[in-house]
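Student: Okay, here's the prediction I keep looking at, along with the sequence it came from:
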Amino acid sequence: MSPLLLAIFIPAVPGLLIASWFMRNDLELCFFDRLCAGLVLGLGLASFLLFLNGVAGLAFSLPLVVGLLFIISVLFALLLRRTGAPVFSGGEGTILSRYRGALLLLAGIIAAYIALKFYFVLSESLIRPVFSWDTWFNWSAGAKFFYYEGGLALDPSNEHFFGTGYREFLGHPLNVPLLQVWCAMWLGEFHEVYVTVPSAVYFIVLVSLFYLALKKESGPLYGLIWAFMLAGSGLLTYHAIDAYADLPVATYFTGSFVFFHRYLRKRDLGMLVLAGLFLGMAAFTKNEGVIFFIAVGISLLLYLRSEGRGYRPFLYLVVPFAAIAAPWIIFKISYGIGFGHSGVGSGFEWFSDPKYAPGTERGVHFEIIGIALKEIFLTRVNFNLLFPFWIIVSLMGLKLIVKSEIRFLYSTVLLIIGAFFFIYLTLEATAVTQATGLHRNLMTYVPAIAYSGAVLLSRLLSKK
Amino acid sequence: MFRIYKIFILFLLFLFSFALVPNDVTALTKMEGWTLSSFYPVGVKVKGGEAVFVRAERVGGTISITGPGHLKLTAKVGGGLEAVGKRLSFTVKSPADAYGVLRIRSTRGVALKKFMLRSSTHTYSYDLESILGPDDYVLDLSLDFLLEGQGGGTVDIVDLSVKEASPAGRALETFFTYDTLTTKMINHIDLPTIGRYGFLPVAYGLLIVFYFIASAVFKRRGDPGARIKAVATAFLVVAVFVTLRMDLRWASMWSQDHKLLNANDHSAIFLLYEQGMGDFFDFIDFVKEEVPEGESVRPASAKMGDYIRLANYRLLPIKASPNARYIWSYDDRGVRLTRGGALLDGGTVIARSVELIALSGDGALYREAVK
């Protein structure tokens, strides 16, 4: 257990310091904002450094990665010390100082319920092994192979080159497998149970980031109610106890979305850097991360155009994103590994999902739109009543969306929905017809949808 | 006035409590409706070589089975029992490991539900309609128990019954029935039902009701943002209700998992959730122990399909390779060893000269003599 704590908290140190540095100008942010961002930033960083370690052709080395994390920590600690930027202090008052009586009791009950949920996911992830077929198939088999291989097996003569035989889709990004390798290196074995623990951490951070962001929007109680709703999502909860990659992607994208919104409100470029880093981590976790980056990037360009202040801030998003995502993308291109998720290898097979009914004509599968709507609104209850809520509140607040910065949150979300439906219509109809990818994909941006709806609702309620 | 109002509520609760009482509908509700038979009447051989007989006795409302071996309880249903609204439930006390199967023969075929018992007392409850479908009829029900381990043990089955719930009771019961956790949950979580109806349309109905109630309250107060406040309130109330219902599922899973699993022994999860795989996972663990370090393995045939990949994953650090000297087969009658030592898959030669290293359950492990 204690090696596992080291595996999670050692990377959190540079993560916390990096987050503190880029959050230094925003005095409304508190230690928990920095810690939450730092925890997942650190985990991604450890995995990213392990990737660089493997690409360099060296055997995975714990001292090497820890050494690099230490150097990064020292660099950012010196920067923070020089500027006197806060790490542990800052932020507004606590719930205790804000509420009295019944409201305080209500806030306490909701907070206790959320804490119980956190306990549940942690406790389950400490006894449940990697279990779901898709989890070991897509992520853990490769992780276990890399761990016992001691590297990325990049020798072309190796019959298991880059996990061949264990990784069906070589083009799948490496954050989750390498995070499992990272945990296994600390544990000294590929422990089928303990390698799932980072998923619980991602869940806790996701809900906490969500709370912290909405707390700044409309107070702690409002944030708590929404955190309760998000934590109550059935699919997110299940992912918190298995080791699939969609929950980390959801966490990274939600983080970037919240930071992007913070930039829109405060024009603090540090927030854009953090958004870029989080989007880079998302792209290093799943290919969908690139879609999220494009959607946020377009919305940022639209914002900058509307403001007429030039496009320089765009670089603050692109450069950190590229710093994380580019090595992986360049690596894939140089080794001829694709981006797709089709039946064979990693290529794209447009207008012909190989898993769809045999004999189906090639073309755009418009029939999936009706199936998807039925799945989302009538058949499953993966995300509570979020979708009907979002649609109704958005219609009621349409004028407010158009005339406030919320329109850039909506443009991001709508671009993502459009991109995913473009993929379902042209490339992977079975993600909808078999109710597989549809809900998992939704899960990656459902917190962002919830956030945009919650921000809009708070403005409508307070008539800002 | 206030007292009359309270009495009226109490009267409604009284009526509702009657509506929740399940009705006994067949002779199966009594323990005596079940017949008891030994699956292997002459006893079974266990690993130690000594024959141990299965014994069964009925004391009052409890059936005690002592093994190891198979034992079967069967209830024939004369004329068929309509599945709608029927629930089979029983409590099992097991001091030792046991593996159980509920087998339901219906007009449409046979449905199986497997469950693992780990030295505990647990009540099992199955909604027959959700297993068979609304238009099916039960012909007979049986419970098989396989008692594992060399020493055997005794399993007590208590309160075995089939009951039919009242419509109101059934609506509540189905709403609080948690679907079996499967590997597919990574993709989606199924909707709870109220009777035969999905819950989301009911939730939408509740939303409308709560919207009108909240709207009336806010308007009466003269609140300027009455409409949006009513929408927010209605969604909040129904969403909290949905959240609590969905979280009860996780609470149920938590309680089950903490009885069966721990960080270093999680094998039960595969028996619970990967139904119909026999002792495949035990066999793969066995192969992992038998194959020396540095060697690799391969399956004798493609019969196990995608499970070969699962085996390859579980076998690591023993790697899979098409040129491996060690070859495994599982529950595959097409694979046979000739007198000359060749291993065949149907008519195809897999290896010209192999020796059988070990047998375990339905699996076999071979080593190719010459490469």
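Tutor: Nice, thanks for sending it over.

Student: Now the residue of the stretch 201-350 of chain B found nearest chain A. Nearest residue, chain neighbours left out?
Tutor: Of all residues in the stretch 201-350 of chain B, the one sitting closest to chain A is residue B:243 (3.3 Å; Cβ to the nearest Cβ). From N, CA and C alone the C-beta is placed, and that goes for glycine too. Once flanking residues are discounted, residue B:243 sits nearest to residue A:232: 3.3 Å by Cβ to Cβ, 6 or more residues apart in numbering or on different chains.

Student: The residue of the stretch 201-350 of chain B closest to chain A against residue A:230, yeah?
Tutor: No: at 9.9 Å, residue B:243 does not count as touching residue A:230 under the criterion of Cβ atoms under 8 Å.

Student: Neighbour count for the two, which is higher?
Tutor: Neighbour tally, residue B:243 and residue A:230, criterion other Cβ atoms under 10 Å in any protein chain shown: the higher count belongs to residue A:230, 27 against 21.

Student: per-residue confidence at the more buried one?
Tutor: Here the pLDDT value assigned to residue A:230 is 94.

Student: residues in contact with it?
Tutor: A:206, A:207, A:210, A:236, A:447, A:450 (Cβ atoms under 8 Å, 6 or more residues apart in numbering or on different chains).

Student: got it, and residue A:215?
Tutor: Contact analysis of residue A:215 by Cβ under 8 Å, 6+ apart lists A:222, A:223, A:224.

Student: which SSE is residue A:81 in?
Tutor: For residue A:81, the host element (DSSP states H and E) is helix A:62-83.

Student: can you check residue A:200 too?
Tutor: Using DSSP H and E, residue A:200 sits within helix A:197-218.

Student: Quick check: next helix or strand after that helix?
Tutor: Next helix or strand after helix A:197-218 toward the C-terminus (DSSP H and E): helix A:220-231.

Student: Low-confidence regions, chain A specifically.
Tutor: A:1, A:92-96, A:339-348, A:351-360, A:464 (pLDDT under 70).

Student: what residues does the stretch 101-250 of chain A put near chain B?
Tutor: Within reach of chain B by Cβ under 8 Å from any Cβ of the partner chain, the stretch 101-250 of chain A has these residues: A:117, A:120, A:123-124, A:126-129, A:131-137, A:140-141, A:144-145, A:148, A:159-160, A:165-166, A:190-194, A:225, A:228-229, A:232, A:234-235, A:237-239, A:242, A:244.

Student: circling back to that earlier point, with just CA atoms, put the helix holding residue A:200 into PDB.
Tutor: Coordinates of each C-alpha in helix A:197-218 appear next as PDB, following Å, rounded to 0.1, in the frame of the first residue of the first chain:
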ATOM      1  CA  VAL A 197      -6.300   2.900  -7.800                       C
ATOM      2  CA  PRO A 198      -5.400   6.000 -10.000                       C
ATOM      3  CA  SER A 199      -8.900   5.700 -11.500                       C
ATOM      4  CA  ALA A 200     -10.300   6.500  -8.100                       C
ATOM      5  CA  VAL A 201      -7.900   9.400  -7.800                       C
ATOM      6  CA  TYR A 202      -9.100  10.800 -11.100                       C
ATOM      7  CA  PHE A 203     -12.700  10.500 -10.000                       C
ATOM      8  CA  ILE A 204     -12.000  12.300  -6.700                       C
ATOM      9  CA  VAL A 205     -10.100  15.100  -8.600                       C
ATOM     10  CA  LEU A 206     -12.800  15.400 -11.200                       C
ATOM     11  CA  VAL A 207     -15.600  15.900  -8.700                       C
ATOM     12  CA  SER A 208     -13.400  18.200  -6.600                       C
ATOM     13  CA  LEU A 209     -12.400  20.400  -9.600                       C
ATOM     14  CA  PHE A 210     -16.000  20.600 -10.600                       C
ATOM     15  CA  TYR A 211     -17.000  21.600  -7.000                       C
ATOM     16  CA  LEU A 212     -14.200  24.200  -6.800                       C
ATOM     17  CA  ALA A 213     -15.100  25.800 -10.100                       C
ATOM     18  CA  LEU A 214     -18.800  26.100  -9.400                       C
ATOM     19  CA  LYS A 215     -18.100  27.200  -5.800                       C
ATOM     20  CA  LYS A 216     -16.400  30.300  -7.300                       C
ATOM     21  CA  GLU A 217     -19.300  30.800  -9.600                       C
ATOM     22  CA  SER A 218     -22.100  30.700  -7.100                       C
END
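
Student: what is the orientation angle of it with helix A:220-231?
Tutor: Relative orientation of helix A:197-218 and helix A:220-231, computed by axes from the mean of the first three to the mean of the last three Cα atoms, to 10 degrees: 140 degrees.

Student: So which bits of helix A:197-218 are buried?
Tutor: A:197-218 (16 or more other Cβ atoms under 10 Å in any protein chain shown).

Student: Ok, stretch A:285-296 next?
Tutor: Across stretch A:285-296, burial judged by 16+ other Cβ under 10 Å covers A:285, A:286, A:287, A:288, A:289, A:290, A:291, A:292, A:293, A:295, A:296.

Student: Quick check: the first one vs residue A:238, distance?
Tutor: Distance of residue A:285 to residue A:238, given as Cβ to Cβ, to the nearest Å: 18 Å.

Student: Over to the fifth one?
Tutor: Between residue A:289 and residue A:238 the distance, using Cβ to Cβ, works out to 21 Å.

Student: Could you do the second one as well?
Tutor: Counting by Cβ to Cβ, the gap from residue A:286 to residue A:238 is 17 Å.

Student: Residue A:17 reaches residue A:73, doesn't it?
Tutor: Yes: using Cβ under 8 Å, residue A:17 is in contact with residue A:73, at 5.6 Å.

Student: Looking at the two, which has the bigger crowd around it?
Tutor: Ranked by neighbour count (other Cβ under 10 Å), residue A:17 and residue A:73 place residue A:17 first, with 24 against 19.
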